[in-house]
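Return a 3D structure for these sequence lines:
(chains A and B)
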Amino acid sequence: MDARSLKEKIFLVTIFALTALGVTPVFYVLASVIYKGIEAFTRRGIGIIVKVNGGILPAIMGSFALSILSTVIGVVLAFVAGLFVAEFPNSRISKITKVASRSLLEVPTVLLGMLVYILLVVPTGHFSLLAGAIALALVMLPYVMVHVEQALESVPQIYREAGYSIGMSRAQVLFGITVGIAKRGIASGILMGFAKAMGETAPLLFTIGAARSSLPCSIMSPGDAVPLMIFQYAQMPQEYYHDLAWAGSLVLVIVFLLVFVIVRKLIKEVKY
Amino acid sequence: MKGDKLLYYSLFPFAAIVIATFILLFAVISYTSAPAIKEYGWKLFTSSAWSPSEMGPESSKYGLLSPLYGTLVSSIIAVILAFPVTISAVLVIEDYAPPRTRDLVGSLIEVMAGLPTIVYGLWGLEILAPLLKVHVYSPLHQLLGFIPLFSCRPFSGYNILTAGILLAIMVLPYMVAVARDSYRSIPMTYREAALAIGANRYEYAKIMMGMIKPGLIASALLGFGRAAGETVAVALVIGNVPLISSCILKPGYTISSLIANQFSMAPLYPYMMNVLFTGGLILLMIGVIANTVAVIMISKSRLR
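Modelled structure (predicted):
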């Protein structure tokens, strides 16, 4: 074997090995969460999932409320702003909007929590689920927007032209035709935003108040969320809280993997 | 035409909210950090002291130097570790692996991107850090202790290097996504030209990587920005001690983990909240600069 093909062999082995090394952590993380999560549930009883004091129910309920609230706020904003950007790509406002949303994508999420803290928590005088939901909505906004834009832009022009040719107005074409064709892409974008918001911790540190001894009674009362509970329980010295943290992680990972599978299915079926 | 205007103005407010959010973020964070900068001036960025006091600004000392150092060092480690893996993964996924392996690696990287950061944090705290301490750090210190980077005895697995390794894992999928985009934008004719002159797979890869150099720089920059802003996972593994040391086996602090740890106490002390917002301002600057340069790089690579 000459030096040149030896070099090629070494190179190929190296890149395959590095790639394998790069994806190994995902197996390790998933295996740890499943093993430790199941261990936690068997050691502390499956009942911790419905226990309020010393269980994870307040966190699960809080996450549930937060994800619905933030999805409603974030998706409406992202969907309409995404429509605007995709439909009027040449207007100056739409270009600025695009830059702003791409920049928001790169802003550390902890800063969005700090923003909501100053704008909502300080004026109202207390932490609330609503404040957390708004922070999460800001986190998901740019993600969903990118997907909405891409889904709308991928609809071929001829479909729109067909609409115009039979005398439909621009709004009718947009809502009747373009959105209809792009709906799978939009739905997968929304789901990904939802998953992103579900797993975020940093924006909640300063907004929801980590109230985990009782269930939240309104959106203006403080609450808890699974990621925040994991973060704080992981730092406790007692073994019991570590178990709760692993149990919470298992719940989070299961929800995430479900969303991932659904999104995969949606995207696979998109063909124009 | 009239319908057009109506549609424009009914969608417009939502776009305006997006722009307003971005401006508000800048305004609120700058405004809230202003009192701290006024009170402490440059000392805020040149000292590592952290001793809050209820008595007033004179008796309390705040310095962001050590967290800033920790943020930069851990993020640089993350990018250095993730970069070669990024290049390898792009080549494997795009060209060199058989289709089924490609799909598998692609999906795995997508799962990696989507896993909640707190899950990485808990894993780093309970599994990765203890493992690294026993199997990597202790031997590393014994064998390579003469290098300043590894010169201190690792007392625990919670240090800047662990934070860097965990961050490398977390930012890898983003870096791969950015690099993949620019790799795909290489026109077919260039690929064919490289193969036509008889390039083998190593030479082909070298030529292609040379062509997307701006894209690769963008991927490193975006990875750096992500790593610098990551909060909870780092807070769990870095040790949270305001140290500045040339040894990366010592615990440290990052700006975002400082914010996460101190925020709940901040309202009790004068100026502490403002100092934390100054930290936030630094993070925002790092993010915006990394992002802007990356966007310029990406547009440069598209021109080819």
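
helix/strand/coil for A:Ala211?
Secondary structure, DSSP: H, G, I helix; E, B strand; the rest coil: A:Ala211 is coil.

give me the element the nearest residue to it once chain neighbours are set aside is part of.
Ranked by C-beta to C-beta, 6 or more residues apart in numbering or on different chains and with sequence neighbours excluded, the top spatial neighbour of A:Ala211 is A:Pro222, at 4.0 Å. Glycine gets a C-beta too; all of them are placed from N, C-alpha and C. Using DSSP states H and E, A:Pro222 sits in no helix or strand.

Same question for the one 10 residues further on.
Assigned by DSSP H and E, A:Gln232 belongs to helix A:226-234.

And the next helix or strand past that helix?
helix A:239-268.

Mean confidence (pLDDT) on that next one, please.
Across helix A:239-268, pLDDT averages out at 90.

Flag every buried residue along stretch A:194-214.
The neighbour-count check on stretch A:194-214 (16 or more other C-beta atoms under 10 Å in any protein chain shown) flags A:194-212 as buried.

Who are the contact partners of the residue of the stretch 1-150 of chain B found nearest chain A?
Nearest residue of the stretch 1-150 of chain B to chain A, counting by C-beta to the nearest C-beta: B:Pro116, 2.7 Å away. Counting by C-beta atoms under 8 Å, 6 or more residues apart in numbering or on different chains, B:Pro116 touches A:Met198, A:Gly199, A:Glu200, A:Thr201, A:Pro227, A:Leu252, A:Val253, A:Phe256.

Tell me the backbone dihedrals of the residue nearest to A:Tyr117 when sequence neighbours are not counted, please.
What sits nearest to A:Tyr117 in space, not counting adjacent residues and going by C-beta to C-beta, 6+ apart, is A:Phe206, at 4.1 Å. Phi and psi for A:Phe206, reported as degrees, to the nearest 10, are phi -110, psi 10.

Quick check, A:Phe206 in contact with A:Leu119.
No - contact between A:Phe206 and A:Leu119 fails when scored by C-beta atoms under 8 Å: they sit 11.3 Å apart.

Go ahead and flag the most central residue of chain A.
When C-alpha atoms, centre = their mean is applied to chain A, the residue found nearest the centroid is A:Lys196 (1.3 Å).

what's the distance between it and A:Val259?
Distance, A:Lys196 to A:Val259, by C-beta to C-beta, to the nearest Å: 10 Å.

Write out the residues of the stretch 151-300 of chain B neighbouring chain A.
Contact residues, the stretch 151-300 of chain B versus chain A (C-beta under 8 Å from any C-beta of the partner chain): B:169, B:172, B:200-203, B:205, B:222, B:225-226, B:228-232, B:235-236, B:256, B:259-260, B:263-264, B:276-277, B:280, B:283-284, B:287-288, B:290-291, B:295.

Would you mind pulling up the elements that the longest helix along chain B packs against?
When chain B is parsed with DSSP state H, its longest helix is helix B:2-40. Helix B:2-40 sits against helix A:57-87, helix A:92-106, helix A:109-116, helix A:129-153, helix A:170-173, helix B:272-303, with contacts defined as 3 or more C-beta pairs under 8 Å, 6 or more residues apart in numbering or on different chains; DSSP states H and E.

still on that earlier bit, what does the residue nearest to A:Ala211 show for phi and psi?
Dihedral angles (degrees, to the nearest 10) for A:Pro222: phi -70, psi 160.

looking at it, it is touching A:Ala131, isn't it?
No - applying C-beta under 8 Å, one finds A:Pro222 not in contact with A:Ala131, separated by 9.0 Å.
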